[in-house]
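A.B. asks: 3D model of this:
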Amino acid sequence: MSTKAAKEASKKESDQKAATAAAAREVASKAATKAAAESENKRAEAQAKASAREAKEKAYCKVGVYKDNNYRGHVWSTQVCKSSTEYNMRHYQKYGQHSVHLSGPGCNFMTLGDDDSWGRQDVNYYPPGPKNLPYDLESDLSFIRVYLKNEGMKGC
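C.D. replies: Here you go, the predicted structure:
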């Protein structure tokens, strides 16, 4: 083989090696880009889950019944864990009920049930609740039904 032919063969082989190396770099670059995108997606998903979990943990809802106006003279209270939970208040009627307090960022609203056999008038209240119950409810509050903004809150 002549030196010219050897040089051409060497150049051709060198060009092929360079092309193979360039193709390998391109494949590696695409794989790295894909891995980085997957990693970013996983990080974003984990952050979204953590934010949702944190929001649930920060949210709570508590309802309390008081024998005096302006939330004084505690009679009964509880942490609310499930929306539409109804609490029977007939047992507590003997203590008198003059105010009902709904507190916490997880509370949406509550329904206070009237115990009248005639002309029943249940009433909805939003937080913080009534500081002074209407006369009709003071003597015959039969139930409290609490509605939450979301489920799975802290302490539940």
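
A.B. asks: and the nearest residue to residue 83 once chain neighbours are set aside, how far is that from residue 88?
C.D. replies: Once flanking residues are discounted, residue 83 sits nearest to residue 148: 4.1 Å by C-beta to C-beta, 6 or more residues apart in numbering. In this view, the C-beta of every residue, glycine as well, is placed from N, C-alpha and C. With distances taken as C-beta to C-beta, to the nearest Å, residue 148 is found 19 Å from residue 88.

A.B. asks: between those two, which one's more packed in?
C.D. replies: Set residue 148 next to residue 88 and count neighbours by other C-beta atoms under 10 Å: residue 148 wins out with 22 against 10.

A.B. asks: what separates the more buried one from residue 10, distance-wise?
C.D. replies: 78 Å.

A.B. asks: Quick one: low-confidence residue ranges for the protein.
C.D. replies: Within the chain, the segments meeting pLDDT under 70 span 1, 53-59, 117-120, 151-156.

A.B. asks: And the helices in this structure?
C.D. replies: Secondary structure of the chain by DSSP state H: the helices cover 3-58, 135-140.

A.B. asks: most tightly surrounded among those helices?
C.D. replies: Using mean count of other C-beta atoms under 10 Å, the stretch among the helices of the chain with the greatest mean number of neighbours is helix 135-140 (a mean of 15).

A.B. asks: what domains does the record give for this protein?
C.D. replies: What automatic domain parsing lists as the domains of the chain is 1-58, 62-148.

A.B. asks: How far does the longest one sit from its chain's centre?
C.D. replies: So the one you mean is domain 62-148. 25 Å (C-alpha atoms, centre = their mean, to the nearest Å).

A.B. asks: now the shortest one
C.D. replies: Domain 1-58 has its average C-alpha position 38 Å from the chain's average C-alpha position, going by C-alpha atoms, centre = their mean.

A.B. asks: follow-up on the earlier one: how about the helices of the chain in JSON lines, adding distance to residue 114?
C.D. replies: Below are the helices of the chain laid out as JSON lines (distance: least, C-beta to C-beta, whole Å):
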{"stretch": "helix 3-58", "distance to residue 114": "33"}
{"stretch": "helix 135-140", "distance to residue 114": "6"}
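
A.B. asks: With respect to residue 122, which of the ones you listed lies nearest?
C.D. replies: Smallest distance to residue 122 across these (C-beta to C-beta): 9.4 Å, for helix 135-140.

A.B. asks: All set, thanks.
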